[in-house]
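sequence? don't have it. structure:
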Ligand code: FEO
């Protein structure tokens with residue numbers, strides 16, 4: 001909750017949420033998160049870009065007080081989700097003259113979600129600017145980075161892009177700026193996978209849109225500020241591209257060891273073919289790690305035992321997650337074991353309609369795999385390897 005100076009008269013007064021463990025009741029947060037909120041002091045007007053989650057609002061209030069902010073003219077709402085907007089009503093109460101500056105869609109959401117009053121808004125269009133005196137804010141609509149109303153704010157004189165969720169990372173840190181680039185990129189990749197990947201094509205358009213501006217810094221509303229914007233812009237360009245890597249994502253569950261034997265054989269044989277394998281026991285794995293692996297895998301293999309005539313419920317759940325995240329994976333296979341029968345393949349297929357994949361012939365094995373079963377698995381492995389040569393330009 002320390003005040004963090006970005007440049008002269010641009011200050012992050014946001015809050016670290018060190019011990020937050022889950023986001024949207026869905027996403028694990030191994031490193032907590034931050035809600036960055038930026039004060040921009042112009043020679044005539046003062047703006048606050050985004051607020052914080054309502055539960056941590058008292059800390060934002062304290063930071064504003066410690067900074068000596070006695071007047072706010074504008075509250076810029078880049079995004080209506082409550083981790084950034086939740087404290088807007090309280091800020092309006094604290095600074096009755098302030099206006100919420102945002103686009104039409106975001107205004108509607110803030111009215112619905114937080115009951116902000118119609119008269120408290122100034123509505124802007126794409127490309128519109130407001131002057132703070134010696135500083136100018138330009139609004140760039142960047143829909144679907146994360147919700148349809150999301151936008152970014154560009155501080156023209158300092159060439160800083162305030163991008164809210166876009167380019168963000170869930171990482172509570174005392175650092176103001178990126179220090180460890182490798183860690184930041186992994187945090188940002190996790191964030192991209194969980195939040196942005198379902199809207200990959202629209203994200204790609206927005207990367208191009210903001211990349212037209214001269215950028216000295218990118219200041220998201222989660223995670224540290226980038227003094228080297230190319231670091232995250234180039235990473236996003238790679239993630240949103242259609243290119244995949246020579247990687248198999250293997251998601252497996254085993255009840256009595258048979259599917260585990262299948263998984264072990266797949267892992268060893270795929271590695272022997274020169275393919276990188278990322279295996280996860282989905283019942284114990286961090287779904288954030290699974291999501292990261294989905295970003296550039298060429299093939300996803302779902303390996304499940306049959307239980308009560310269908311796939312294991314944990315496999316249905318992770319398949320549903322993959323379907324929702326819409327990774328650019330090009331191939332899929334369903335394998336597994338059974339004791340007496342069921343309809344696992346059709347059941348899994350029915351929950352992954354969004355995955356535009358070539359589906360290999362399923363391999364279902366009765367009980368523990370025998371020699372003939374391993375031959376069927378080897379045929380699948382050969383087919384995967386051949387397909388990777390084409391799909392991954394090997
Ligand atoms: Fe950080 Fe979509 O809110």
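Looks like it came in fine. Predicted, not measured: the structure shown is a model, and the values here were computed from it.

which parts of the stretch 1-150 of the chain sit against the ligand?
By the rule CB under 6 Å from any ligand atom, the part of the stretch 1-150 of the chain lying against the ligand is 79, 81, 83-84, 146. Quick note: C-beta positions are derived from backbone N, CA and C, even for glycine.

what ranges do the helices span in the stretch 251-394 of the chain?
Here the stretch 251-394 of the chain has its helices, by DSSP state H, counting those that start in this stretch, at 258-272, 287-294, 313-325, 344-350, 371-391.

so which of the residues of the stretch 1-150 of the chain next to the ligand sit within helices?
In helices, defined here by DSSP state H, the members of those are 83-84.

buried sites along stretch 142-156?
For stretch 142-156, the neighbour count (16 or more other CB atoms under 10 Å) marks 142-147, 149-155 as buried.

any stretches of the stretch 1-150 of the chain with poor pLDDT?
1 (pLDDT under 70).

which ones are touching residue 183?
Taking CB atoms under 8 Å, 6 or more residues apart in numbering, we find residue 183 in contact with residue 171.

for it, phi and psi?
Dihedral angles of residue 183 (phi, psi; degrees, to the nearest 10) stand at phi -70, psi -40.

from the ligand, how far out is residue 102?
14 Å (CB to the nearest ligand atom, to the nearest Å).

could you do residue 117 as well?
Residue 117 is 23 Å from the ligand, by CB to the nearest ligand atom.

before we move on, what about residue 94?
To the ligand, residue 94 is 22 Å away according to CB to the nearest ligand atom.

what's the answer for residue 273, then?
With distances taken as CB to the nearest ligand atom, residue 273 is found 40 Å from the ligand.

which ones are touching that residue?
Contacts of residue 273 (CB under 8 Å, 6+ apart): 381, 384-385.

distance between the lengthiest strand in the chain and the chain's centre?
The residue-count maximum for a strand in the chain (DSSP state E) belongs to strand 297-307. Between the centre of strand 297-307 and the centre of its chain there are 23 Å (CA atoms, centre = their mean, to the nearest Å).

in it, what counts as buried?
Residues of strand 297-307 classed as buried by neighbour count (16+ other CB under 10 Å): 297-307.

hang on, the earlier thing: just the residues of the stretch 1-150 of the chain next to the ligand now: which is nearest residue 372?
Set against residue 372, the nearest of those by CB to CB is residue 146 (48.7 Å).

got TSV for the contacts of residue 273, with neighbour count too?
Compiled in TSV, the contacts of residue 273 are given as follows (neighbours: other CB atoms under 10 Å):
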residue	neighbour count
381	23
384	22
385	19
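
which one of the residues you listed is nearest residue 130?
Closest to residue 130, out of all of the contacts of residue 273 and judged by CB to CB, is residue 384, at 54.4 Å.

wait, what's in contact with the closest one?
Taking CB under 8 Å, 6+ apart, we find residue 384 in contact with 248, 270, 273, 275, 299, 301, 331, 333, 360.

distance of the nearest residue to the second one once chain neighbours are set aside from residue 364?
Excluding the flanking residues, the one nearest residue 270 by CB to CB, 6 or more residues apart in numbering is residue 277, at 4.9 Å. Taking CB to CB, to the nearest Å as the measure, residue 277 falls 21 Å from residue 364.

can you list the domain ranges for this protein.
4-240, 248-385 (automatic domain parsing).
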